[in-house]
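**Q** below is the structure, and that's it, no one-letter string:
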């Protein structure tokens, strides 16, 4: 006999839809059990607060760019001052050297030498001050343009505000059917708050629980006939994809404890995943998650092929 079981159920990927930003629901674009395509609008969150945040972030970015531009302009001015101060020091040093030579020859008075010395020292102090102001301005300005740390921080804040605003429009990540919808305009949602589910219409499979006494005959790749209870007379084809590594009881929330004196041996069941190779030809026969099925595995097929 071919191993079979009616402890088997249709499964598909079920996605939990949750917004990434909070706010009041402005529009709900879908209804319960509606089929949607990937990218279709599911619902829209009110954007008033986030648009204001975006405007504020844009203003801070513009201000950072303006401040950086002003700092760069100041740098140009201070660099010119340093150049001028260095030239003035060169002139003052030349004048001091000439006056010192004339003083040593007795051609000028002590007052002239003192005046030249004071002018040289003042020129040195002016150059030191200009260089200090230039260094401080360079530290404040940092790098020019978008390489400036303040500009980069403001740009990152602006990008985050743009992303948050874009996320107020929640679209379907995959095509499928809307399920467990209880969302209405005006409802308040929080980030990562589940609002409904989306049953993907892509891959379908059957999780069948076989008795442990049947596992020795099961192999991946064996063909399977799948009878769906909700559609009498419908038989789908599939194949064994994988065999579970443990019984269903092992992974239950409260695994059974068989330490009592009245222990009775119970035949364990192991999950076997079966992929669907065909779909119903009739579009009205929609596959539904959790539907009961009966599966029968042809354990001789692979041996015959050999």
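**A** That came through fine. Worth saying up front: this structure is predicted, and the values here are computed from it rather than measured.
**Q** hey, where'd the helices end up in the stretch 51-200 of the chain?
**A** Remark: helices assigned in the stretch 51-200 of the chain by DSSP state H, counting those that start in this stretch are 110-141, 149-166.
**Q** lowest average pLDDT across these?
**A** Least confident of the helices of the stretch 51-200 of the chain, judged by mean pLDDT, is helix 110-141 with a mean of 82.
**Q** pLDDT-wise, which helix or strand of the protein ranks last?
**A** helix 301-305 (a mean of 59; mean pLDDT, DSSP states H and E).
**Q** got the contact list for residue 61?
**A** Applying C-beta atoms under 8 Å, 6 or more residues apart in numbering, we find residue 61 in contact with 151, 154, 155, 157, 158. Every residue, glycine included, has its C-beta placed from N, CA and C.
**Q** just send those residues back as JSON lines, with neighbour count too.
**A** Below are these laid out as JSON lines (neighbours: other C-beta atoms under 10 Å):
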{"residue": "151", "neighbour count": "22"}
{"residue": "154", "neighbour count": "23"}
{"residue": "155", "neighbour count": "17"}
{"residue": "157", "neighbour count": "18"}
{"residue": "158", "neighbour count": "20"}
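**Q** pLDDT weak spots in the stretch 151-300 of the chain?
**A** Scanning the stretch 151-300 of the chain for pLDDT under 70 picks out the ranges 250-263.
**Q** redo that, cut-off 90
**A** Residue ranges of the stretch 151-300 of the chain with pLDDT under 90: 151-153, 202-203, 216, 233-234, 244-268, 278-287, 299-300.
**Q** can you give me the strands in it?
**A** Remark: strands assigned in the stretch 151-300 of the chain by DSSP state E, counting those that start in this stretch are 169-171, 176-179, 188-189, 196-211, 223-228, 235-243, 269-276, 292-297.
**Q** could you dump the ones you listed to a markdown table with mean neighbour count and distance to residue 50?
**A** Converted to a markdown table, the strands of the stretch 151-300 of the chain look like this (neighbours: other C-beta atoms under 10 Å; distance: least, C-beta to C-beta, whole Å):
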| stretch | mean neighbour count | distance to residue 50 |
| --- | --- | --- |
| strand 169-171 | 17 | 11 |
| strand 176-179 | 20 | 25 |
| strand 188-189 | 15 | 13 |
| strand 196-211 | 18 | 22 |
| strand 223-228 | 20 | 46 |
| strand 235-243 | 17 | 44 |
| strand 269-276 | 20 | 43 |
| strand 292-297 | 20 | 46 |
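**Q** distance to residue 136 for those strands - can I get that in TSV?
**A** TSV is the format used below for the strands of the stretch 151-300 of the chain (distance: least, C-beta to C-beta, whole Å):
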stretch	distance to residue 136
strand 169-171	47
strand 176-179	61
strand 188-189	49
strand 196-211	58
strand 223-228	78
strand 235-243	68
strand 269-276	69
strand 292-297	78
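**Q** can you tell me which of the ones you listed is nearest to residue 99?
**A** Of all those, it is strand 169-171 that lies closest to residue 99, at 79.4 Å by C-beta to C-beta.
**Q** of all the strands of the stretch 151-300 of the chain, which one comes closest to residue 3?
**A** strand 292-297 (5.0 Å).
**Q** elements contacting that closest one?
**A** strand 4-17, strand 196-211, strand 223-228 (3 or more C-beta pairs under 8 Å, 6 or more residues apart in numbering; DSSP states H and E).
**Q** the very next helix or strand once past the first one: which residues count as buried?
**A** Just to be clear, that refers to strand 4-17. Per DSSP states H and E, the first helix or strand lying C-terminal to strand 4-17 is strand 23-28. For strand 23-28, burial by neighbour count (16 or more other C-beta atoms under 10 Å) applies to 23, 25, 28.
**Q** name every strand pairing with strand 23-28 and say which way it goes.
**A** Using DSSP bridges, the strands paired with strand 23-28 are strand 41-45 (antiparallel), strand 188-189 (antiparallel).
**Q** alright, I will stop here.
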